[in-house]
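J.: this one's sequence-less:
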């Protein structure tokens, strides 16, 4: 069974650039999550989709971060414009619903110079 | 505002000792508390989880102790092994329209 896939695995961007991260959830999963992982904050929620509908936006990330789910098997996270403080690992996860196991992808490590 | 808090930030124990990782939360409506383990270079993976109907959940060397009144829980790892060295995340969720919330994690190092 294919797990959650994320591309690219690594991304290096110049300050001010636009980058797009991609995620494919586990087939059949209704819920999709984007998190940012840092050593200080741990896992911070960026966006939560249920059956392609945006259910929750991480409040602090609304201005430059935009996640979309064009179909049930593909999601993107756009960061525009990037800033050095955005350097982190971006994780995508999916699950059958709330209150059950989340399956995480391998993450995209973003470095903004 | 951190809805889920973990302590300590890092913990070092010797092989064979019991490691105790703490977690607390603010919202009493949370009803599912999973712990995820993250090895370097890998993705977080579910380790063990508990629901408030129980105050204890055991899986081999891993045990969650849950105190609903104080809104606290802890993960005990008995007979710690060097292979347990990882970052452990406590999370909390409820069955509504909000995503699970994670703590900042505890980095555990087990020395041989």
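T.: Received it, and whenever you're ready, just let me know what you need. Not measured: the values here are computed from a predicted model.

J.: near chain A, which residues of chain B?
T.: B:6, B:31-32, B:34, B:36, B:42-46, B:49, B:89, B:91, B:93-105 (C-beta under 8 Å from any C-beta of the partner chain). (Glycine included, C-beta is placed from N, CA and C.)

J.: Go ahead and report the secondary structure state at residue B:83.
T.: Assigned with DSSP: H, G, I helix; E, B strand; the rest coil, residue B:83 falls in the helix class.

J.: Any chance of a ChimeraX selection covering the buried ones in the residues of chain B next to chain A?
T.: To isolate the buried ones among the residues of chain B next to chain A in ChimeraX, judged by 16 or more other C-beta atoms under 10 Å in any protein chain shown, type:
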select /B:6,31,32,34,36,43,44,49,89,91,93,94,98,99,100,101,102,103,104,105
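
J.: residues from chain A in reach of chain B?
T.: A:4, A:33, A:35, A:40-45, A:48, A:50, A:55-56, A:91, A:93, A:97-102, A:104-107.

J.: and these, which are buried?
T.: A:4, A:33, A:35, A:42-45, A:48, A:50, A:55-56, A:91, A:93, A:98-100, A:102, A:104-107.

J.: Sort out for me which of these are in strands.
T.: Secondary structure from DSSP state E places A:33, A:35, A:42-45, A:48, A:50, A:55-56, A:91, A:93, A:104 of these in strands.

J.: Distance check, the residue nearest the centre of chain A against residue A:20.
T.: A centroid search over chain A (C-alpha atoms, centre = their mean) returns residue A:34, at 3.1 Å, as the residue closest to the centre. According to C-beta to C-beta, to the nearest Å, residue A:34 and residue A:20 sit 12 Å apart.

J.: can you list residues touching both of the two?
T.: Any residue near both residue A:34 and residue A:20 by C-beta atoms under 8 Å, 6 or more residues apart in numbering or on different chains counts here, and that gives residue A:77.

J.: Which residue is most remote from the mean position of chain B?
T.: In chain B, residue B:97 marks the outermost C-alpha relative to the chain mean, sitting 23.0 Å out by C-alpha atoms, centre = their mean.

J.: Quick check: closest non-adjacent residue to that residue.
T.: Once flanking residues are discounted, residue B:97 sits nearest to residue A:55: 4.8 Å by C-beta to C-beta, 6 or more residues apart in numbering or on different chains.

J.: Give the full set of residues in contact with that neighbour.
T.: By C-beta under 8 Å, 6+ apart, the contact set of residue A:55 is A:48, A:49, B:97, B:98, B:99.
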